[in-house]
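Trainee: Pasting the sequence and the predicted coordinates here, then a few questions.
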Amino acid sequence: MGADIKKLRTRMKSVQSTLHLTKAMGLVASSKIRRATEGMLRGREYIQAVREAISALSGCRTCEKSPYMVRREGGETRLIVIAGDRGLAGGYNANVFRLVKDYPEATILPIGKRACDRFGGKLQSAEGFRYEDAQNMAETLCRDFAEGTFDRLGIVSTTYHSMMSRETEVTWILPLTKGNSTDAGGMIFEPDELSVLEIAMPVYVAGMIFAAAKESFACEVAARRVAMDSAGKNAQQMLDDLGLAYNRARQGAITQEITEIVAGSGQ
């Protein structure tokens, strides 16, 4: 009986330690949610404006000559994969890596410590990812695509719908899809549409990468908050059950001792 009580006490201490950890990580995630959401919304607003301009340009007939409009088959696919910097975020990282498996021949450009650990390459934090980092990446990618080094560029990231709903998906950036010429809405491009498109493409690609990184980070923080809340509830339930079992074992040990004392005094 004493051994059972000792085991229960050890398990309770272990669960209490886990409960403290999940509460602490949940609080950290909560403190980051507002800033992460604000960054995500600013990124969405910025990329919406850039997309409108690129759509108007790609719909112009003169831009059909651009190398960014050329569709090639059978060449290299490059995927920018955005995962988290840490674990304990439910299925957030696992969903990203599961989707990447659908493109086994793709060259991976990772963002986020977990993605860098899995795919190698230069370590880039998802939380600390800067627009300058996106610019440097975009300039290299645009140059390589225009030279025909690879045929297709996509971003594997997570889209935020709500605290409880997130979706991992691939967004294809290059080559450009022909836009609607009516999207120009009276815009006048100087010196000409093709020249403006050539200059705007690195800005567009950098904006897409940066916005995806900000949105993915918001998803990571939300996923961790939900996961830690769930883990905390489970740990508390387990602690309650263990406490009940501990009290029963302790009462049983006391009853046994009293029985032994009474039996001994009657002899």
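Mentor: That came through fine.

Trainee: wait, residue 243 sits on residue 11?
Mentor: No: between residue 243 and residue 11 there is no contact under CB atoms under 8 Å: 10.5 Å. All C-beta atoms are positioned from the backbone trio N, CA, C, and that covers glycine.

Trainee: so what sits against both of the two?
Mentor: By CB atoms under 8 Å, 6 or more residues apart in numbering, residue 243 and residue 11 have no common neighbours.

Trainee: Not counting residues beside it along the chain, what's closest to residue 66?
Mentor: residue 197 (5.5 Å; CB to CB, 6 or more residues apart in numbering).

Trainee: show me the contacts for the one you found.
Mentor: So residue 197 contacts 54, 57-58, 63, 66, 68 (CB under 8 Å, 6+ apart).

Trainee: Residue 135 and residue 153, how far apart?
Mentor: Relative to residue 153, residue 135 is positioned 15 Å away (CB to CB, to the nearest Å).

Trainee: do the same with residue 27
Mentor: Distance from residue 27 to residue 153, by CB to CB: 38 Å.

Trainee: quick one, which of these two is more surrounded?
Mentor: Using other CB atoms under 10 Å as the criterion, residue 27 and residue 153 rank with residue 153 on top: 26 against 12.

Trainee: what helix or strand is the more buried one on?
Mentor: strand 152-162 (DSSP states H and E).

Trainee: Mind listing the strands that strand pairs with, and their directions?
Mentor: strand 77-82 (parallel), strand 165-174 (antiparallel) (DSSP bridges).

Trainee: Can I get the first one as CSV, trimmed to CA atoms?
Mentor: Extracted in CSV, the C-alpha atoms of strand 77-82 (Å, rounded to 0.1, in the frame of the first residue of the first chain):
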residue,chain,number,x,y,z
THR,A,77,9.9,23.2,-58.8
ARG,A,78,10.9,25.3,-55.8
LEU,A,79,8.8,25.5,-52.7
ILE,A,80,9.2,28.0,-49.9
VAL,A,81,8.1,26.0,-46.8
ILE,A,82,7.0,28.0,-43.8
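
Trainee: In that strand, which residues are buried?
Mentor: Within strand 77-82, the residues scored as buried using 16 or more other CB atoms under 10 Å are 78-82.

Trainee: Contacts for whatever helix or strand comes next after it next, please.
Mentor: Going down the chain from strand 77-82, the next helix or strand is helix 92-100, by DSSP H and E. With contact meaning CB under 8 Å, 6+ apart, helix 92-100 is reached by 79, 81-84, 87, 106, 108, 114-115, 118, 156-158, 166, 168-170, 219-220, 223-224.

Trainee: same check, this time on stretch 167-180
Mentor: So stretch 167-180 is contacted by 54-59, 64, 66, 68-72, 79, 95-96, 98-99, 103, 141-142, 145, 151-159, 161, 204-205, 208, 212 (CB under 8 Å, 6+ apart).
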